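Visitor: can't give you the sequence, but here's the structure:
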């Protein structure tokens, strides 16, 4: 029976019916911030632009670009420091800067919706919402959500800190796997629970999700234009 199942699966895989599994790995050295995976409706609003344009595939990002998804859309953003997965009806802004020719991203701003953030390397990194500031100084995975007047942060792997920065001063919550913090902004109420959480990172995936190759970094700016804008990759 096992042999029959294997033969059926192998035939389906050869026919393209079973996509290969995607396993998160540390980003290659010199990775430029980019959108790596897109499913369903998604948009990119470049910095200084008023209108967003459809996002259909891999694209290199520029500092302060905004990425958003439709109700059933999903997007994965690859950063030098980790990866961010956007659920449906989500919007994030990606501030980063160049140190020499190396792009460095030390924060992510969640404007609305729900995101999974996985840090791969140690170093300063923060996730901001209107009322929460989450420190991710080391490899860790957290879920951050803005749901109307409620803001949520869950610890999935590793440890992080969440600070309530707009309701009760500098309340610090140590996030460990299973810690679930809910901030009701309108009611100025903070609730912390210990839950047994499913693996939301893995739940994000499903068969058929588009998996992109990592895009190469843009070419160096011309010598006469130190302020030149980095080139975008395919789809940009």
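Guide: Ah, there it is. Keep in mind the model is a prediction, meaning the values are calculated, not measured.
Visitor: Now the element after the helix or strand encompassing residue 142, going C-ward?
Guide: Assigned by DSSP states H and E, residue 142 falls within strand 140-147. Going down the chain from strand 140-147, the next helix or strand is strand 150-157, by DSSP H and E.
Visitor: secondary structure element for the spatially closest residue to residue 182 that is not a sequence neighbour?
Guide: Closest residue in space to residue 182, ignoring its immediate chain neighbours: residue 191 at 4.7 Å, by Cβ to Cβ, 6 or more residues apart in numbering. Where C-beta positions appear, they are placed from N, C-alpha and C, glycine not excepted. Taking DSSP H and E as the criterion, residue 191 maps to strand 189-194.
Visitor: List the strands paired with that strand, with their directions.
Guide: strand 179-184 (antiparallel) (DSSP bridges).
Visitor: Residues contacting the strand it pairs with, please?
Guide: Applying Cβ atoms under 8 Å, 6 or more residues apart in numbering, the contact partners of strand 179-184 are 131-132, 149-155, 162, 164, 167, 173, 175, 189-195, 197.
Visitor: Quick one: distance of that strand to the chain centre.
Guide: Chain-centre distance of strand 179-184: 20 Å, with Cα atoms, centre = their mean, to the nearest Å.
Visitor: can you check stretch 122-138 too?
Guide: On Cα atoms, centre = their mean, the centre of stretch 122-138 falls 13 Å from that of its chain.
Visitor: Same check on stretch 165-183?
Guide: Distance, centroid of stretch 165-183 to centroid of chain: 20 Å (Cα atoms, centre = their mean).
Visitor: what's the span of it, first residue to last?
Guide: Length of stretch 165-183, first residue to last, Cα to Cα, to the nearest Å: 11 Å.
Visitor: Can you pull up the most central residue in the chain?
Guide: residue 84 (1.2 Å; Cα atoms, centre = their mean).
Visitor: thought that residue was touching residue 119?
Guide: No: using Cβ atoms under 8 Å, residue 84 makes no contact with residue 119, being 10.0 Å away.
Visitor: And the helices in this structure, which stretches?
Guide: 2-14, 200-203 (DSSP state H).
Visitor: Averaged over its residues, which helix or strand of the chain has the lowest pLDDT?
Guide: helix 2-14 (a mean of 44; mean pLDDT, DSSP states H and E).
Visitor: where does the protein dip in pLDDT?
Guide: 1-30, 199, 201, 203-213, 221, 223-236 (pLDDT under 70).
Visitor: strands paired with the top strand by length along it, and their directions?
Guide: Longest strand in the chain, counting residues (DSSP state E): strand 107-119. Using DSSP bridges, strand 107-119 pairs in its sheet with strand 82-86 (antiparallel), strand 91-94 (antiparallel), strand 126-128 (parallel), strand 140-147 (antiparallel).
Visitor: Make TSV out of those strands and add distance to residue 57.
Guide: Output for the strands paired with strand 107-119, formatted as TSV (distance: least, Cβ to Cβ, whole Å):
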stretch	distance to residue 57
strand 82-86	15
strand 91-94	17
strand 126-128	26
strand 140-147	25
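Visitor: Can you say which of these is packed in most?
Guide: Most buried of the strands paired with strand 107-119, by mean neighbour count (mean count of other Cβ atoms under 10 Å): strand 82-86, with a mean of 23.
Visitor: For that one, which outside residues touch it?
Guide: Strand 82-86 has contacts (Cβ under 8 Å, 6+ apart) with 24, 27, 36, 42, 67-69, 73-77, 92, 108, 113-121, 125, 136, 201, 204.
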